[in-house]
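> Give me the fold of what follows.
(one chain, ligands or ions: 1)
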Amino acid sequence: MACHAVIPAAGVGKRFGAGMPKQYLPLAGRCIQQHTLDRLCAMTAISQIVVAISIEDTRAQALPYAQPQRLRFVPGGAERMDSVLAGLRALRERGAADSDWVLVHDVARPLLRAADVRHLLAVLADDPVGGILANPVRDTMKRGDADGIEATVARDNLWHALTPQMFRLGALTHALEAALADAAVVTDEASAMERLGYRPRLVEGARDNIKITFPDDLALAEALLAEQIRTGVQT
Ligand code: C5P
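Model (predicted):
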């Protein structure tokens, strides 16, 4: 069964506030996007790699990548789900089958470990639906607002949803199109599948697969990357 990757990279990094999409910020000498895409390109289990970028993006295709011949760039959309759908449609146009697996991975997660992807592929190989990399929540969780705590939420079954998220090309395309048709904004692929009654699997991944969201995440990512290099786990 072939496995492909779609990388939504068409966000503007509003929450980050750097005045440029956050994937172009430097991390240990290369920008975040180069780290992410170079790592995915090095994974031989992945056949086609499609990157959805903003139509205003003039940088993405000009960057030096380790294996630029492995990358296809397509225009993304207004929301993350539109960008993912654009990537999925590009895969179909290029001959991918509905039963093929697709890994959807945020461009803003440059520290993805190859071992985590191998683990995800192995655990889900025979699964009818698919699943996601995730981390169990460690802290006591509270729900509240400016007035204070409203409730303590039992953390026993709570997980942080990470990426890659792995589903079949046909089923995921259908789920995202259904969410769009219902005007439901989903922030990850699993929620689109959940809306249709599927139960995606939770596959525990490394805790250093962080998403760069706020400026202080960059310093954390630098430290985590240095540790990955020191211990030799980055590829
Ligand atoms: O903003 P956030 O970090 O949640 O975005 C997650 C991922 O979705 C990022 O990789 C971002 O580039 C991507 N995205 C996209 N198209 C959009 C919005 C976000 O590809 N319209």
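
> can you count the residues close to residue 127?
Close neighbours of residue 127, defined as other Cβ atoms under 10 Å, add up to 15. Bear in mind the C-beta positions are built from the backbone N, C-alpha and C, glycine included.

> Residue 118 should be in a helix, yeah?
Yes. According to DSSP: H, G, I helix; E, B strand; the rest coil, the state of residue 118 is that of a helix.

> ok, the closest residue in space to residue 20 that isn't next to it in sequence - contacts?
The shortest distance from residue 20 to any non-neighbouring residue, by Cβ to Cβ, 6 or more residues apart in numbering, is to residue 13 (7.2 Å). Neighbour list for residue 13: 20, 21, 22, 23, 108 [criterion: Cβ atoms under 8 Å, 6 or more residues apart in numbering].

> isn't the fourth one right up against residue 33?
Yes. In this structure, residue 23 sits in contact with residue 33. The criterion is Cβ atoms under 8 Å, and the distance is 3.9 Å.

> Next, see if the host helix or strand of residue 83 gets close to the ligand.
Element membership for residue 83 (DSSP states H and E) is helix 80-93. Yes. Helix 80-93 comes into contact with the ligand (Cβ under 6 Å from any ligand atom), by way of 80, 83.

> what comes into contact with that helix?
4, 6-11, 48, 50-52, 72, 74-77, 98, 100, 102, 104, 169, 172-173, 176-177, 179-180, 185-187, 189, 192.

> 6 Å - rerun?
For helix 80-93, the external contacting residues (Cβ atoms under 6 Å, 6 or more residues apart in numbering) are 4, 6, 8, 10, 50, 52, 74, 76-77, 104, 173, 176, 186.

> which of the residues you listed come close to the ligand?
The residues of the contacts of helix 80-93 that also fall near the ligand, by Cβ under 6 Å from any ligand atom, are 8, 10, 52, 76, 77.
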